[in-house]
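Engineer: what's the 3D shape of this:
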Amino acid sequence: MWQKLIAGACVMTGALGFGWSLCGEMNRDIQHLKTQKQILLYIMGEITYLHRPMEEIFDMVSQKAEPPYGAFFQKVSQRMKERDGMPLLRIWNEAVQEMKCRANTSQTGMGYLERMGNCFAYEGGQLQVEALGLFEMELDNEIDRLKTKKDENSRLIKALSTLTGILCIILFL
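Structural biologist: Next comes the predicted model:
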């Protein structure tokens, strides 16, 4: 009898853990986008008010950004210093591809990070800031969309995982 209780507890723990894991994945996407927005705002401020070169901006961002973005911006800055005539967009895209292979980031976050690089393709600080501003609005819309989706689905996922666990216990015990 006690084996059935332990098995039932394990089934419920697994079902609940699966539901919480799915909800955590949605939170992770939102957190990555919020981090990218903070980085974006910092870059916009540096370009607008201090007119620093991009290598210096990326160095400063790498020191302030959360992992894995700090290492990403450090790598981009380092490659810009030794660029050998390569444009920033190409350096950026290569670094994003390397980060996709190595880091544990969400696909949504990686897609938006790759698109952020397109904002640096413009010549002149003012055009870059305007492109980054448009990208910021796009990030805000995506964050709001993901929050709404999370709010709608998280209760449903948790309830369904609990009911699935109870059903498994009833069927198998």
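Engineer: could you pull out the helices for this structure?
Structural biologist: Taking DSSP state H, the helices of the chain run over residues 2-45, 54-64, 69-81, 88-102, 107-118, 125-172.
Engineer: tabulate those (TSV), appending mean neighbour count and mean pLDDT.
Structural biologist: C-beta here means a position set from N, CA and C on the backbone, and glycine is covered the same way. As requested, those are exported to TSV (neighbours: other Cβ atoms under 10 Å; pLDDT from 0 to 100):
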stretch	mean neighbour count	mean pLDDT
helix 2-45	15	87
helix 54-64	17	91
helix 69-81	19	91
helix 88-102	16	88
helix 107-118	17	90
helix 125-172	14	89
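Engineer: got a list of what the residue nearest the centre of the chain touches?
Structural biologist: Centroid check for the chain by Cα atoms, centre = their mean gives residue 32 as the closest residue, at 2.6 Å. For residue 32, the contacting residues are 105-106, 108-109, by Cβ atoms under 8 Å, 6 or more residues apart in numbering.
Engineer: against residue 52, how distant is it?
Structural biologist: 25 Å (Cβ to Cβ, to the nearest Å).
Engineer: and what of residue 30?
Structural biologist: For residue 30, the distance to residue 52 - Cβ to Cβ - is 30 Å.
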